[in-house]
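Colleague: okay, predicted coordinates and the sequence, questions at the end:
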Number of protein chains: 2
Amino acid sequence: MEYNAKQLQIIEVAERLFSQKGFAGTSVRDIAQEADVNVSMISYYFGSKEKLIEALFQLRMTESRSRLETLMMLSELSALQKFNVFIDSVIDRLMGNQCFHNIMLREQLSSERTPVISEYIRGLKMRNVELIKRMIHEGQEAGDFRKDINVSLVTTTLYGTVNYAIATQDFYRIFNNLEHLTDDEFQAHLRNELSQHLKNLFKSTITNEHHIQN
Amino acid sequence: MEYNAKQLQIIEVAERLFSQKGFAGTSVRDIAQEADVNVSMISYYFGSKEKLIEALFQLRMTESRSRLETLMMLSELSALQKFNVFIDSVIDRLMGNQCFHNIMLREQLSSERTPVISEYIRGLKMRNVELIKRMIHEGQEAGDFRKDINVSLVTTTLYGTVNYAIATQDFYRIFNNLEHLTDDEFQAHLRNELSQHLKNLFKSTITNEHHIQN
DNA sequence: TTTTATTAAACAAACGTTTGATTAGTAAAA
DNA sequence: TTTTACTAATCAAACGTTTGTTTAATAAAA
């Protein structure tokens, strides 16, 4: 589906408002006002408020589809290096699309509100966890990774940490006295700290490192 | 504040519905119907829908207040043992009150919807992260823990993992072929796996263990 | 009797959506 | 070239519902 400038404007405003106030907490009049269009244009272009959020999901999910999969395949990196690349890509993806991933997280908290969206999310999650599974198995066969890794929970910690860090970034900023930084500087800082933290966290747990040393 | 049976019934139904459909997505008529009371009883007892969710927060937050703090103080456990006790207590608290913590996570995703509730959450988060900070410093002074631990991000990983695991438990269940378990069995299983996973994760990263062995 | 609890009905406001009219641009017919 | 026909975009207004809350009357409890 191709969208014209006005349609994209509506989608982008909707994304920001849904992220800030939730789907039910945002009225089509809110969206219309901020996007500077007539209320009826939303029904006219998308059919309904429900179809609008579906259009948002369809747009954002096809955007980010499978860039990573190919990158993971053809590389000559070690399993751990691949895993580190993946960590950074998750951080970049989530921090670079905070509004959308905020909406997506909220949707996961609701018990199956919309079949269409649930299906999008399930598909995305399945692809991600399968990717991690393959990466870990690769490392295990090379003898680099431990055998007793719970793939689901490694995935959960990775996405859970990044999601929660984004959700609570205001608290993080205050608690660590980073209010003197500009917004961009703080975002970069958080990215780096998250990257370092997660790489450390997983390195010592999924590799055989300290087992060999015994 | 003391609540009678009918008030508690309203609060509990509201908690379940807010958790399932969000605050804005739940109408007072929904709540009244499921709680089997007249719509006007909500205004009568709580003043407004907004005050109802504030009452819910006040109730649930005073319930769980500071049981843990005392337990942490007087114990003769090692720093790592204390940390493990803390991990289990977080898992128990969040998994034992999934509806409420679902609501709380949702509130954190919204940018400061209600000052009262934001303040409750900020206070709780501050106490939790300070508790972890003290625990980590204790371990560092005993020489058991590494010096370069980011307290905020350790906290983020702990709460982020448990929150996200709860939010995506249906997916976890399917992906790991655990549909044959009863709901209770699955909950117990998830608890155990989470506990083991998080203890492993943190043990290797926050202790000096494999540094000493070098 | 006074206070508390409960109800059905009513309220204005906000909701998502539809309507019918109008505009501007393009294509077809004269 | 002028006229007619058609289309997509836009709008203010109105539609019927649902929203949270209040009211006024009644029942129960103190």
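Modeller: Nice, thanks for sending it over.

Colleague: centre-most residue in chain A?
Modeller: Geometric centre of chain A, nearest residue: A:Leu94, 3.6 Å, by Cα atoms, centre = their mean.

Colleague: ok, that one - contacts?
Modeller: Residues in contact with A:Leu94 (Cβ atoms under 8 Å, 6 or more residues apart in numbering or on different chains) are A:101, A:159, A:162-163, A:166. C-beta coordinates here come from the backbone N, C-alpha and C atoms, glycine included.

Colleague: can I get those residues in CSV with secondary structure, pLDDT and distance to DNA strand C?
Modeller: Compiled in CSV, the contacts of A:Leu94 are given as follows (DSSP: H, G, I helix; E, B strand; the rest coil; pLDDT from 0 to 100; distance: Cβ to the nearest atom of the strand, whole Å):
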residue, secondary structure, pLDDT, distance to DNA strand C
A:His101, helix, 97, 22
A:Tyr159, helix, 98, 29
A:Val162, helix, 98, 30
A:Asn163, helix, 98, 26
A:Ile166, helix, 98, 26
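
Colleague: got those residues as JSON lines, with distance to B:Val116 and neighbour count columns?
Modeller: Converted to JSON lines, the contacts of A:Leu94 look like this (distance: Cβ to Cβ, whole Å; neighbours: other Cβ atoms under 10 Å in any protein chain shown):
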{"residue": "A:His101", "distance to B:Val116": "27", "neighbour count": "20"}
{"residue": "A:Tyr159", "distance to B:Val116": "30", "neighbour count": "23"}
{"residue": "A:Val162", "distance to B:Val116": "29", "neighbour count": "27"}
{"residue": "A:Asn163", "distance to B:Val116": "25", "neighbour count": "25"}
{"residue": "A:Ile166", "distance to B:Val116": "24", "neighbour count": "22"}
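
Colleague: check those against chain B, which are close?
Modeller: When contact is defined as Cβ under 8 Å from any Cβ of the partner chain, those meet chain B at A:159, A:162-163.

Colleague: ok, longest helix in chain A?
Modeller: Across chain A, the helix with the greatest residue count (assigned by DSSP state H) is helix A:115-141.

Colleague: that one and chain B, any residue contact?
Modeller: Yes: under the criterion of Cβ under 8 Å from any Cβ, chain B is reached by helix A:115-141 at A:122, A:125-126, A:129.

Colleague: now these as a markdown table including pLDDT and neighbour count?
Modeller: Below are the residues of helix A:115-141 next to chain B laid out as a markdown table (pLDDT from 0 to 100; neighbours: other Cβ atoms under 10 Å in any protein chain shown):
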| residue | pLDDT | neighbour count |
| --- | --- | --- |
| A:Arg122 | 94 | 14 |
| A:Lys125 | 94 | 18 |
| A:Met126 | 94 | 13 |
| A:Val129 | 93 | 20 |
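
Colleague: for those, which one is nearest A:Asn200?
Modeller: The closest of those to A:Asn200 turns out to be A:Val129 (Cβ to Cβ; 22.1 Å).

Colleague: next, work out how far apart that closest one and B:Lys147 are.
Modeller: 34 Å (Cβ to Cβ, to the nearest Å).

Colleague: any idea which helix or strand comes after the helix or strand harbouring A:Lys51?
Modeller: For A:Lys51, the element it lies in under DSSP states H and E is helix A:49-63. As assigned by DSSP H and E, the chain's next helix or strand after helix A:49-63 is helix A:67-73.

Colleague: relative to helix A:115-141, how tilted is whichever helix or strand comes after that next one?
Modeller: Next helix or strand after helix A:67-73 toward the C-terminus (DSSP H and E): helix A:79-96. For helix A:79-96 against helix A:115-141, the angle by axes from the mean of the first three to the mean of the last three Cα atoms, to 10 degrees is 160 degrees.

Colleague: pLDDT of helix A:79-96, averaged?
Modeller: For helix A:79-96, mean pLDDT rounds to 93.

Colleague: and it, C-alpha only, in PDB?
Modeller: Below are the C-alpha coordinates for helix A:79-96, written out as PDB (Å, rounded to 0.1, in the frame of the first residue of the first chain):
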ATOM      1  CA  ALA A  79      28.800 -16.500  17.200                       C
ATOM      2  CA  LEU A  80      29.500 -14.100  20.100                       C
ATOM      3  CA  GLN A  81      30.300 -11.300  17.700                       C
ATOM      4  CA  LYS A  82      27.100 -12.000  15.800                       C
ATOM      5  CA  PHE A  83      25.200 -11.900  19.100                       C
ATOM      6  CA  ASN A  84      26.700  -8.500  19.900                       C
ATOM      7  CA  VAL A  85      25.800  -7.200  16.500                       C
ATOM      8  CA  PHE A  86      22.300  -8.400  17.200                       C
ATOM      9  CA  ILE A  87      22.200  -6.700  20.600                       C
ATOM     10  CA  ASP A  88      23.100  -3.400  19.000                       C
ATOM     11  CA  SER A  89      20.600  -3.800  16.200                       C
ATOM     12  CA  VAL A  90      17.800  -4.400  18.800                       C
ATOM     13  CA  ILE A  91      18.900  -1.300  20.700                       C
ATOM     14  CA  ASP A  92      19.000   0.800  17.600                       C
ATOM     15  CA  ARG A  93      15.700  -0.500  16.300                       C
ATOM     16  CA  LEU A  94      13.800   0.100  19.600                       C
ATOM     17  CA  MET A  95      15.400   3.400  20.500                       C
ATOM     18  CA  GLY A  96      15.100   4.700  16.900                       C
END
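
Colleague: that helix: how far from the chain's middle?
Modeller: Taking the mean of its C-alpha atoms, helix A:79-96 sits 11 Å from the chain's own mean (Cα atoms, centre = their mean, to the nearest Å).

Colleague: give the buried residues for that helix.
Modeller: A:79-80, A:82-87, A:90-91, A:94-95 (16 or more other Cβ atoms under 10 Å in any protein chain shown).

Colleague: and which of the residues you listed is nearest A:Gly143?
Modeller: Set against A:Gly143, the nearest of those by Cβ to Cβ is A:Ala79 (9.7 Å).

Colleague: the closest one contacts A:Gly143, correct?
Modeller: No: in this structure A:Ala79 lies outside contact range of A:Gly143 using Cβ atoms under 8 Å: 9.7 Å.

Colleague: residue contacts, the residue in chain A positioned nearest to DNA strand D?
Modeller: For chain A, the residue closest to DNA strand D is A:Asn38, as judged by Cβ to the nearest atom of the strand, at 3.2 Å. A:Asn38 makes contact with A:Ala32, according to Cβ under 8 Å, 6+ apart.
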